[in-house]
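J.: One predicted model, sequence on top.
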Amino acid sequence: MLTLLRDLNMPIVTTLHTVLKDPNEAQRRVMEQLTQLSDRLVVMAERGHEFLREIYNVPEDKIDVIPHGIPDIPFIDPISTRTNLVWRGRRYC
């Protein structure tokens, strides 16, 4: 993969699903090369952002976070919400 990236003549945006906290020497070497070759890095969690900054010394302006998954929000009973809106007198599906 690194050989391919070195040969590209275009901006490289790399999306990382996982960023290792405790990489071994080979993993660290590959990640450092990947981060150097990439113009932007996209991670799916703040923790990945922190690891890139603290463990791999990636500049802040090179990292973007696009959250993965469903946000953790409190449950609201849909029936009680409907009765407070325009759904009074209608049948629920």
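T.: Right, received. Where do you want to start? Residues are numbered from 1 along each chain as shown.

J.: contacts, neighbours, all on C-alpha from now
T.: Noted.

J.: got the buried residues for stretch 21-40?
T.: Across stretch 21-40, burial judged by 16 or more other C-alpha atoms under 10 Å covers 28, 31, 32, 34, 35, 37, 38, 40.

J.: contacting residues around the last one?
T.: I take that to be residue 40. 12, 13, 14, 62, 63, 64 (C-alpha atoms under 8 Å, 6 or more residues apart in numbering).

J.: Let me know whether residue 59 touches residue 53 as I believe.
T.: Yes - using C-alpha atoms under 8 Å, residue 59 is in contact with residue 53, at 6.6 Å.

J.: For the two, indicate the residue with more neighbours.
T.: More crowded of residue 59 and residue 53, by other C-alpha atoms under 10 Å: residue 53, with 15 against 12.

J.: need the next SSE after the host helix or strand of that one, C-terminal direction.
T.: Element membership of residue 53, judged by DSSP states H and E, is helix 46-54. Counting by DSSP H and E, the next helix or strand C-terminal to helix 46-54 is strand 63-65.

J.: tell me how far that following strand is from the chain's mean position?
T.: From the chain centre to the centre of strand 63-65 is a distance of 7 Å (C-alpha atoms, centre = their mean, to the nearest Å).

J.: What mean pLDDT does that strand get?
T.: The pLDDT scores in strand 63-65 average 97.

J.: next one: stretch 3-15
T.: On average, stretch 3-15 scores 96.

J.: End to end on it, go ahead and measure it.
T.: From its first residue to its last, stretch 3-15 covers 18 Å (C-alpha to C-alpha, to the nearest Å).

J.: Please identify the buried residues of that stretch?
T.: Within stretch 3-15, the residues scored as buried using 16+ other C-alpha under 10 Å are 14, 15.

J.: got a list of contacts for that stretch?
T.: By C-alpha under 8 Å, 6+ apart, the surrounding residues in contact with stretch 3-15 are 37, 38, 39, 40, 41, 42, 43.
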